[in-house]
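In: coordinates only, sequence not included:
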């Protein structure tokens, strides 16, 4: 009996196996981190908090995005974005005012610039432990009704009227592979001014 292996068949089996593993990994990405926005005790600083369900191992944060939904009538403008963790900077990355899908609201997305030196490990996430991620202030008075955009928001669709990707996102290698989204949902309620 001849047991010679067919190299083409072996390569095809290997590719099929890797494709199946990749597909399974993307289906089973750990969605473990929730977001919250709040007004601080000073009544004028906004805080973005995150709370994971599990401690990542390894703890290597790569990318993140937080999208806020703000009443358009408030003419809200974020300023002085300050990270609560050294080296893990967040910036206002995009803004869409009154899109067709929801003309009563503006959408402001902040992005984690991450992976600068050792910043990928600077969060030291712990399961069930809430962590202040960044703060910002606004021009003018405190605004009620600011919230983290929900997954089922009418503007959070692949082909929205502004051709943007407003979805909330976070990637940490301890919760999944590069390119997976570990964002789970929103906790807390919309902002209430004090």
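Out: Cool, got the structure. A quick note: this is a predicted structure, and the numbers were derived from the prediction, not measured. Numbering: from 1, shown residues only.

In: all contacts plus neighbour counts: C-alpha atoms, from now on.
Out: Will do.

In: Contact partners for residue 148?
Out: Listed by CA atoms under 8 Å, 6 or more residues apart in numbering, the contact partners of residue 148 are 35, 36, 37, 66, 67, 68, 69, 186, 190.

In: Work out for me the element the nearest residue to it once chain neighbours are set aside sits within.
Out: Counting by CA to CA, 6 or more residues apart in numbering, residue 148 lies nearest to residue 68, which is 4.6 Å off, once chain neighbours are set aside. If you go by DSSP states H and E, residue 68 is part of strand 61-71.

In: Any figure for the gap between residue 90 and residue 122?
Out: 13 Å (CA to CA, to the nearest Å).

In: Residue 97 too?
Out: As judged by CA to CA, residue 97 and residue 122 stand 33 Å apart.

In: same check, this time on residue 63
Out: Applying CA to CA to residue 63 and residue 122 gives a distance of 13 Å.

In: quick one: secondary structure of residue 95?
Out: In three-state terms, and counting by DSSP: H, G, I helix; E, B strand; the rest coil, residue 95 is strand.

In: contacting residues for it?
Out: Contacts of residue 95 by CA under 8 Å, 6+ apart are 106, 107, 108, 109.

In: Tell me the bridge partners for the second one.
Out: Okay, so that is residue 107. Counting by DSSP bridges, residue 107 is bridged to residue 69, residue 96.
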